[in-house]
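A.B. asks: Okay, here's the prediction I keep looking at, along with the sequence it came from:
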Amino acid sequence: MAHPPTITAAPPKRRTAFAEGADQLRAAATTEPGRLRIIGALLALLVVAFGAVTAWQTTDRSAAADDVLHKSQPLSAAAADIYRSLADANTAASSGFLAGGQETAESRKRYEDGIDTAAAKLVTAANNSDPGSPSAAAIVKLNKLLPEYKGLVERARTYNRQGFPVGGAYLRYANQKMQKEMLPAAEDLYKKENQRLEDDYADATPYPWAAIALGVLVLAALAWAQHRNYRRTNRVLNHGLVAATAAASVVLLWLVVGHSVARAGLNDSYDHGVRSLNVLHDARIASLKARGNENLTLVARGAETVKVTADGEEVTVDRYDHDFTTDMNVLGKGLAQAARLADDPSGEKPVTQAESNMAEWKKRHTAARSQDDNGNYEQALALVIGGKGATGECFDSVDANLASALGHEEREFRQAAGDGLDAMGGLPLGAAVLAVLGAAGAVLGIGRRLSEYR
């Protein structure tokens, strides 16, 4: 007789490690020692996370503040110096041309210094620019145009010394290359470096809200754990939890106060440093362009004109004299704004003196134009490039006072930005160390309670 087949029971399905761990966790949570272990682990994890997030966010902000002080602002200033040096060289070239064979060594040196400074600053900017960036493209363009401009100026100087009128055409062509190609490229570089500076400020100043929120959560969790401990043991203090609370409180207080001080310093460096520097750079550049156009008015001698609308009628005026008036208006507005931004007498005094120099410059320029319009070219020339009583004297005073104001604002910026950077010094490392100590305190405090169950 055949036996029925034997039915073998299927082996029980093996559970995953995660499911088994969850069961063990639920089982542990039903006992007080298990609950204490879970609480201790969560507290330690929260405190360490608070320290890590604090260190991360403050490191980022400290790095951005360091870039503001040591990288982006100096590069922005270097870009402004490139623009100013090019404009200064162009102005010196026109002054030397007007002097003809009597070109002074000082005028020649000023031209050479402007060219050399621009070339050196371009090297610095190239070394600090990102390959393929718009700033790098502007630098390449300027490096290509600079020798072309120098060649035109040298031709103009050579023909002028020989008495050939074509020298004036070469100088006007050099000026056109400077005004239409080189200065716009330098201005573009300046704007891009300023945007880089703005971006660094934007990275350095926001509050580290994630770290602050996590710090508040940590303190709330520690307070709850101590209150729970008090309710179950009637003991007011747990030394480990108190130490963890103290460490977290120090980190949170340090974070809020330190970043607030840093933020105030950086904002002050922008409001009373960067803004003033930008305005003063623009004013100084306007004065250089005005001086160059004043010289070119005599170089061109009416050869170039433009049509403008005055009193509802279109009239023809000398191009360079018209540009001179425009530049002087820009200079006047810039000096007025710089005076408003100056926050102490040391910053306001050179700006006020520059305004006085500008007013006198306008008077002397009007007198020079009157002489030229009446056919007295030599007298007009003396009033522009002569010694005492010439417009060049006023321009030199404006430039010197603006240089003094720029130096003062540069020191103000460095002081305020340095204070802001120092306020965050040590915070990332301090937060990490205190977080580790706080986590250890939480574990030891919970461990003390666990020892009572053994």
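C.D. replies: Yes, it's here. From a predicted model like this one, the values you see are computed outputs, not experimental measurements.

A.B. asks: now the strands for this protein?
C.D. replies: Along the chain, the segments classed as strands by DSSP state E run 305-310, 313-318.

A.B. asks: Flag whichever of the ones you listed has the least confidence on average.
C.D. replies: Among the strands of the chain, strand 305-310 carries the lowest mean pLDDT, at a mean of 64.

A.B. asks: Low-confidence stretches in the stretch 101-250 of the chain?
C.D. replies: 101-103, 234-236 (pLDDT under 70).

A.B. asks: so who does residue 391 touch?
C.D. replies: Contacts for residue 391 (Cβ atoms under 8 Å, 6 or more residues apart in numbering) come out as 291, 294, 361, 364-365, 368, 383-384. Where C-beta positions appear, they are placed from N, C-alpha and C, glycine not excepted.

A.B. asks: how many neighbours does the residue lying closest to it once chain neighbours are set aside have?
C.D. replies: Sequence neighbours aside, residue 364 is the residue nearest to residue 391 in space, at 4.6 Å (criterion: Cβ to Cβ, 6 or more residues apart in numbering). Neighbours of residue 364 under the rule other Cβ atoms under 10 Å: 19.

A.B. asks: How confident is the prediction for residue 364, by pLDDT?
C.D. replies: Residue 364 is given a pLDDT of 92.

A.B. asks: From residue 395, how far off is it?
C.D. replies: Using Cβ to Cβ, to the nearest Å, residue 364 is found at 10 Å from residue 395.

A.B. asks: go on, residue 223?
C.D. replies: In terms of Cβ to Cβ, residue 223 sits 69 Å off from residue 395.

A.B. asks: Pick out whichever of the two has more residues nearby.
C.D. replies: More crowded of residue 223 and residue 395, by other Cβ under 10 Å: residue 395, with 25 against 12.

A.B. asks: which residue sits closest to that one in space, ignoring its chain neighbours?
C.D. replies: residue 291 (4.7 Å).

A.B. asks: That neighbour: what's it in contact with?
C.D. replies: By Cβ under 8 Å, 6+ apart, the contact list for residue 291 reads 91, 95, 391-392, 395.

A.B. asks: and the two most separated of the residues you listed?
C.D. replies: Pairwise distances across those (Cβ to Cβ) peak at 11.9 Å, for the pair 91 and 391.

A.B. asks: Can you tell me how far the closest residue to residue 262 other than its chain neighbours is from residue 362?
C.D. replies: Spatial nearest neighbour of residue 262, excluding adjacent residues (Cβ to Cβ, 6+ apart): residue 423 at 3.9 Å. Applying Cβ to Cβ, the value for residue 423 to residue 362 is 46 Å.

A.B. asks: who has more neighbours, those two?
C.D. replies: Set residue 423 next to residue 362 and count neighbours by other Cβ under 10 Å: residue 423 wins out with 21 against 18.

A.B. asks: Identify the residues contacting stretch 48-62?
C.D. replies: 203-206, 208, 210-211, 214-215, 217-218, 248, 251, 255, 258-259, 262, 421, 424-425, 427-429, 431-432, 434-436, 438-439.

A.B. asks: Filter those residues down to just the buried residues.
C.D. replies: 204-205, 208, 211, 214-215, 218, 248, 251, 255, 258-259, 262, 421, 424, 427-428, 431-432, 434-435, 438-439 (16 or more other Cβ atoms under 10 Å).

A.B. asks: List the ones among those that fall in helices.
C.D. replies: 204, 211, 214-215, 218, 248, 251, 255, 258-259, 262, 421, 427-428, 431-432, 434-435, 438-439 (DSSP state H).

A.B. asks: Helices along the stretch 101-250 of the chain, start to end?
C.D. replies: 105-128, 134-161, 166-177, 183-204, 209-233, 239-269 (DSSP state H, counting those that start in this stretch).

A.B. asks: want to throw these into JSON lines with distance to residue 416?
C.D. replies: Shown next, in JSON lines, are the helices of the stretch 101-250 of the chain (distance: least, Cβ to Cβ, whole Å):
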{"stretch": "helix 105-128", "distance to residue 416": "23"}
{"stretch": "helix 134-161", "distance to residue 416": "26"}
{"stretch": "helix 166-177", "distance to residue 416": "39"}
{"stretch": "helix 183-204", "distance to residue 416": "12"}
{"stretch": "helix 209-233", "distance to residue 416": "24"}
{"stretch": "helix 239-269", "distance to residue 416": "4"}
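
A.B. asks: so which of those comes closest to residue 335?
C.D. replies: helix 183-204 (19.4 Å).

A.B. asks: same for that closest one, what does it pack against?
C.D. replies: With contacts taken as 3 or more Cβ pairs under 8 Å, 6 or more residues apart in numbering; DSSP states H and E, helix 183-204 sits against helix 32-67, helix 73-99, helix 134-161, helix 239-269.
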